[in-house]
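1. Need a 3D model of the sequence below.
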Amino acid sequence: MISTQSPASLAVSRAIAEAELRRTEMMHGMGEPRAVALLIDQAEDAARSPLAHDQLLALALRAASRSGEPDHAVLDALRAAPGALARQDIARAVFAQYDEARFRAVLKAAPDRELQRGARRVGREPLSLARWLRSAAALARGLWDHPALPVDPPTRGAMLAAAEALEQRARALAVAARRPPLPRSIEEMRA
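-> This next block holds a predicted model:
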């Protein structure tokens, strides 16, 4: 019997693997003190992102920056679905405090950043990228109100808004991929 991971669990596993790879490469190349400082800086950068993968990566990088065996308890808690009541409480807090203006520039850039990550993972074919963006949006929708995610309500609101921006870009890519290409010359137009 083949067991499958939930999308959130798979994303957690990927974030942990990415952080551990960075840690190993940095420790080998620059030594522990500089590597730890760089991992912490990268974690702080990722934590400012409204993208769900970046939020997971921030947690994994923080864990990787600590000496000894990384503690992934917070990440492991994100693998399980929380109760509906906890999610409702978080949603109320988010919508009471959300200010889109604070995140407008970040939200505008979020689909481009996720497209870059997708292109590295699945290539540049528009329908593959559209699927990638839809899965990133689904991950954000699954995590923005997760009680185990240690972020403030405005960041949660930005994650939810980013999910919508990712879905919009995915729809645009899918539509563009289905359109016939424009003719490149007058001869092509006549053909």
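2. Residue 150: what secondary structure?
-> Following DSSP: H, G, I helix; E, B strand; the rest coil, residue 150 is assigned to coil.
3. which ones are touching the nearest residue to it once chain neighbours are set aside?
-> For residue 150, ignoring the flanking residues on the chain, the nearest one in space by Cβ to Cβ, 6 or more residues apart in numbering is residue 74 at 6.4 Å. Placement of C-beta: from N, CA and C, glycine included. By Cβ atoms under 8 Å, 6 or more residues apart in numbering, residue 74 lies in contact with 59, 63, 148, 150.
4. ditto for residue 141
-> Neighbouring residues of residue 141 by Cβ under 8 Å, 6+ apart: 160, 163.
5. close enough to count as contact, residue 176 and residue 125?
-> No - judged on Cβ atoms under 8 Å, residue 176 makes no contact with residue 125 at a distance of 11.8 Å.
6. wouldn't residue 26 be in contact with residue 35 here?
-> Yes - at 3.6 Å, residue 26 counts as touching residue 35 under the criterion of Cβ under 8 Å.
7. Name the nearest residue to the residue nearest to the spatial centre of the chain, sequence neighbours excluded.
-> A centroid search over the chain (Cα atoms, centre = their mean) returns residue 53, at 2.4 Å, as the residue closest to the centre. Closest residue in space to residue 53, ignoring its immediate chain neighbours: residue 11 at 6.2 Å, by Cβ to Cβ, 6+ apart.
8. tell me which element the one you found falls in.
-> Per DSSP states H and E, residue 11 falls inside helix 7-30.
9. I'd like the next helix or strand past that helix.
-> Counting by DSSP H and E, what follows helix 7-30 is helix 32-47.
10. ok and that next one relative to helix 7-30, angle-wise?
-> Orientation check (axes from the mean of the first three to the mean of the last three Cα atoms, to 10 degrees): helix 32-47 against helix 7-30 gives 150 degrees.
11. which residues are contacting helix 32-47?
-> 19, 22-23, 26-27, 29-30, 54-55, 57-59, 61-62, 64-65, 67, 151, 155.
12. From these, keep the buried residues only.
-> 19, 22-23, 26, 54-55, 57-59, 61-62, 64-65, 151, 155 (16 or more other Cβ atoms under 10 Å).
13. Pretty sure residue 170 sits against residue 128.
-> No - contact criterion Cβ under 8 Å: residue 170 and residue 128 do not qualify, at 10.9 Å.
14. how does this structure divide up, domain by domain?
-> 7-77, 84-178 (automatic domain parsing).
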